[in-house]
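In: Here is my input, please return the structure:
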Amino acid sequence: MTTEESKIDISILSSWLEKKKPVTVLDVRPKTEREEWSIPGSVHADVYDKLKAGDTNALDHIELNIGIPVVTVCAAGKTSLKAAELLKDKGFEVYSLEGGMKAWNFAWSTAEVVLNDVKIIQIRRSSKGVLSYIIGSDDEAIVIDAALDSHVYLDLANKNGWTIKYVTDTHIHADYLSRTRELAKASIATHVLIDAANVEYGYSPVSNGDYLHFGKAALEVIYTPGHTMESTSFRLGDDAIFTGDTLFVDGVGRPDLKADQDEAIKRSRLLYASLQRLLTLNPKTFVLPAHLATAVPFDGKLISETIENLKDKLDMLKLKESEFVKYTTSRIPPTPPNYLTIASLNKQGSYDGHIPADLEAGANRCAIA
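Out: Next up, the predicted model:
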């Protein structure tokens, strides 16, 4: 087997995982990198230093099923090739993930639900737990929080017979580069943002209480500041609400990014008020967030919870304002890598000259649980 034959790209591995093909994904990165982000279902061997040093016995202690293909993974796809060669010599069918975790950053899958004749497709970037949406009614659709190349959303729209009418972001993201402006150009859709958005490019402003009509459906614009000052949610009647980074299925949005302590406290109070507003919605409303705190498995299961379930599940939603502010400001996670650069580029509306894989590497850290 040549070096090229020993490689596998993210599309093939994604397909295998989606189709539940038996495969062992062997992560050979250092433990610290593994803890930051990983491929769901993968196993770990902390042998990176040994492989780099040329230790031919580095994988002798690893127990693997000889009858199941193995895909080795490292940060960029080089050291994993060394692991693949060692396993090949032991008789395994083995491949190295081309591009490593930097490439896996763009692996994605979908989950779907139909609510009152409106089809919602959740597009999930597995490694970062990033969730975007295309929502279709009749022959029109809206895309929220585009996080992948435009062709992903255009292909999904074409497959379902939709024209993309509107594109939007729930806020100015700080952990990945928004592709919404690119998609607006590629689809000739109207790019809408809340009128509070402080960006350096043109868009069609919408206000709290406005409606975006598409097909026979409409999304109501609900201004929900707190995570950021422009954070917005989009309500699909009593069926669903797209909450961005305001409310997750496992926590709430952090209020501190690009803010000092006083500003973080102010935002935390705004976040509390926004959450209280969301909690008054129909208890059966599905919450569809922009992130999951962990990597997304290739299981086809929609990442969502109802309002009533979240009220029971998240104790922080039961706190009074002063308690909530104290809780959120005392549980701030580490800041996302390159967040100032990413937020600045998203504000500009262009990342020309920057390599997305380098800026976006690592898990998201937008939630307070």
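In: need the helices for the stretch 51-200 of the chain, in chain order.
Out: Here the stretch 51-200 of the chain has its helices, by DSSP state H, counting those that start in this stretch, at 79-89, 100-104, 150-159, 180-187.
In: Mind putting the ones you listed into CSV with distance to P336, mean pLDDT and mean neighbour count?
Out: The C-beta positions use only the backbone N, C-alpha and C, and glycine is treated the same way. Formatted as CSV, the helices of the stretch 51-200 of the chain follow (distance: least, Cβ to Cβ, whole Å; pLDDT from 0 to 100; neighbours: other Cβ atoms under 10 Å):
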stretch, distance to P336, mean pLDDT, mean neighbour count
helix 79-89, 25, 95, 21
helix 100-104, 16, 94, 23
helix 150-159, 22, 98, 17
helix 180-187, 19, 97, 21
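In: any chance of the ones you listed in JSON lines, with distance to L13 too?
Out: Below are the helices of the stretch 51-200 of the chain laid out as JSON lines (distance: least, Cβ to Cβ, whole Å):
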{"stretch": "helix 79-89", "distance to L13": "12"}
{"stretch": "helix 100-104", "distance to L13": "8"}
{"stretch": "helix 150-159", "distance to L13": "17"}
{"stretch": "helix 180-187", "distance to L13": "25"}
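In: out of those, which comes closest to S274?
Out: Among the helices of the stretch 51-200 of the chain, helix 180-187 comes nearest to S274, with 21.5 Å by Cβ to Cβ.
In: Contacts for the closest one next, please.
Out: Helix 180-187 is contacted from outside by 143, 145-146, 149-151, 153-154, 157, 163-164, 167-169, 189-191, 201, 349-350, using Cβ atoms under 8 Å, 6 or more residues apart in numbering.
In: Quick one: buried ones out of these?
Out: In those, burial by neighbour count holds for 143, 145-146, 149-150, 153-154, 157, 163-164, 167-169, 189-191, 349, counting by 16 or more other Cβ atoms under 10 Å.
In: Any stretches of the protein with poor pLDDT?
Out: Scanning the chain for pLDDT under 70 picks out 1-5.
In: For the residue sitting nearest the centre point of it, which non-adjacent residue is spatially closest?
Out: Centroid-nearest residue in the chain: V130, 0.4 Å away (criterion: Cα atoms, centre = their mean). What sits nearest to V130 in space, not counting adjacent residues and going by Cβ to Cβ, 6 or more residues apart in numbering, is A147, at 4.8 Å.
In: Against T24, how distant is the residue nearest to the centre of the chain?
Out: Using Cβ to Cβ, to the nearest Å, V130 is found at 26 Å from T24.
In: Same check on G237?
Out: On the measure of Cβ to Cβ, G237 and T24 end up 45 Å apart.
In: out of the two, which sits in the more crowded spot?
Out: T24 (18 against 15; other Cβ atoms under 10 Å).
In: burial count for the nearest residue to the more buried one once chain neighbours are set aside?
Out: Residue nearest to T24 in three dimensions, not counting chain neighbours: V70, with 4.8 Å by Cβ to Cβ, 6+ apart. Here the number of neighbours of V70 (other Cβ under 10 Å) works out to 23.
In: Residues in a beta bridge with V70, which ones?
Out: On the basis of DSSP bridges, V70 is bridged to T24, V94.
In: So it sits against L97, correct?
Out: No - using Cβ atoms under 8 Å, V70 makes no contact with L97, being 10.7 Å away.
In: so what's in contact with the two at the same time?
Out: Common neighbours of V70 and L97 (Cβ under 8 Å, 6+ apart) are V25.
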